[in-house]
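Chemist: Only the shape, not the letters, is given here:
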Ligand SMILES: [Mg+2]
C-alpha cells in the first residue's frame, strides 16, 4: 500500500472552538485599524489571510503587508488570552481523538493539518486540547500561508517533500474538512477529500458541491481509514 498524507481541517472537523474566531476578529479589527466593524468577518473555511484581506477591503482599507501582519499578530494574541476558556468550554468533536491516535500509529500515514487558522492560532487551539503531539505540523499548511485554501495544498506537499523526502502525488493527499471551501480546495488541487457534516453544511450540501465521500460525523477510525482510499 502507498503512503498517504492526511491533512485535517481544525474548526468543526476536529474541534468546536465556540465561535471564538469570529469574536476575535470583531475585537482586533477596531484595535488594529482604529475603525468600527461594519461588515462581519466571514470565516467559513477561508484562510485567515483571506478573511483579513476581505475584511479590510470590505471596509475600504488597503490590505498592506504591515496591516495584515498586525491583524494576524493581534489574532494570535486574542487566542493566547482565551486559551484557558477554549480548553474549558470548547470540545474535541466525537471520533476525532480516536482517529488521530489511530492514524498517528499507522506507518503508512503522515498526518498534519490544512487549516484556515494561522500557524500560531492552530498551535494554540490544538494545544488547548492536548492534540499537538498527533501532528507533524512541519508538513502542514496554515491560514497565513496563502489567501486561498486551495493554495495551501501545494504548500503542504512541498513541505512534505523537503522534510520527509516524499513527493506525494496530489491523489495521495487526503483532506478531511467540513466546508465548501474544503471541497473546492480538494478539487482545485487534485487532492482527495473526506467531508464531515459537523460544521454549518449538511451532508447533502457537501455532496451537491462535489464531495464524494461524506460522513455525518467522524466515523470509527477503521471506517475513516478505508475512506482515505
Ligand atoms: Mg472547518
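Modeler: Yes, it's here. Keep in mind that this is a model prediction, so the values were computed, not measured.

Chemist: How many residues are close by the residue lying closest to residue 177 once chain neighbours are set aside?
Modeler: Spatial nearest neighbour of residue 177, excluding adjacent residues (CB to CB, 6 or more residues apart in numbering): residue 9 at 3.5 Å. Every residue, glycine included, has its C-beta placed from N, CA and C. Neighbour count for residue 9, taken as other CB atoms under 10 Å: 25.

Chemist: Roughly how far does residue 9 sit from the ion?
Modeler: Distance, residue 9 to the ion, using CB to the ion, to the nearest Å: 4 Å.

Chemist: go on, residue 70?
Modeler: For residue 70, the distance to the ion - CB to the ion - is 25 Å.

Chemist: Enumerate every residue touching that residue.
Modeler: Going by CB atoms under 8 Å, 6 or more residues apart in numbering, residue 70 touches residue 32.

Chemist: element containing it, please.
Modeler: helix 65-89 (DSSP states H and E).

Chemist: So what's the gap between that helix and the chain middle?
Modeler: Taking CA atoms, centre = their mean, to the nearest Å, one finds helix 65-89 lying 15 Å from the centre of the chain it belongs to.

Chemist: where exactly do the strands run in the protein?
Modeler: Ranges of strands within the chain are 4-8, 15-16, 91-92, 109-113, 173-177, 192-196, 213-215, based on DSSP state E.

Chemist: JSON lines for these, including mean pLDDT and mean neighbour count?
Modeler: Output for those, formatted as JSON lines (pLDDT from 0 to 100; neighbours: other CB atoms under 10 Å):
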{"stretch": "strand 4-8", "mean pLDDT": "98", "mean neighbour count": "26"}
{"stretch": "strand 15-16", "mean pLDDT": "96", "mean neighbour count": "18"}
{"stretch": "strand 91-92", "mean pLDDT": "97", "mean neighbour count": "16"}
{"stretch": "strand 109-113", "mean pLDDT": "98", "mean neighbour count": "22"}
{"stretch": "strand 173-177", "mean pLDDT": "98", "mean neighbour count": "27"}
{"stretch": "strand 192-196", "mean pLDDT": "98", "mean neighbour count": "25"}
{"stretch": "strand 213-215", "mean pLDDT": "98", "mean neighbour count": "19"}
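
Chemist: gap between the spatially closest residue to residue 25 that is not a sequence neighbour and residue 53?
Modeler: Counting by CB to CB, 6+ apart, residue 25 lies nearest to residue 41, which is 3.6 Å off, once chain neighbours are set aside. Applying CB to CB, to the nearest Å, the value for residue 41 to residue 53 is 11 Å.

Chemist: dump the residue contacts of residue 68.
Modeler: Counting by CB under 8 Å, 6+ apart, residue 68 has contacts 49, 52-53, 56.

Chemist: Using a markdown table, lay out these together with neighbour count and pLDDT.
Modeler: Putting the contacts of residue 68 into a markdown table (neighbours: other CB atoms under 10 Å; pLDDT from 0 to 100) gives the following:
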| residue | neighbour count | pLDDT |
| --- | --- | --- |
| 49 | 22 | 97 |
| 52 | 28 | 97 |
| 53 | 18 | 97 |
| 56 | 20 | 97 |
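
Chemist: Just the closest of those to residue 157, please.
Modeler: residue 49 (18.9 Å; CB to CB).

Chemist: what's the closest non-adjacent residue to the closest one?
Modeler: residue 147 (5.0 Å).
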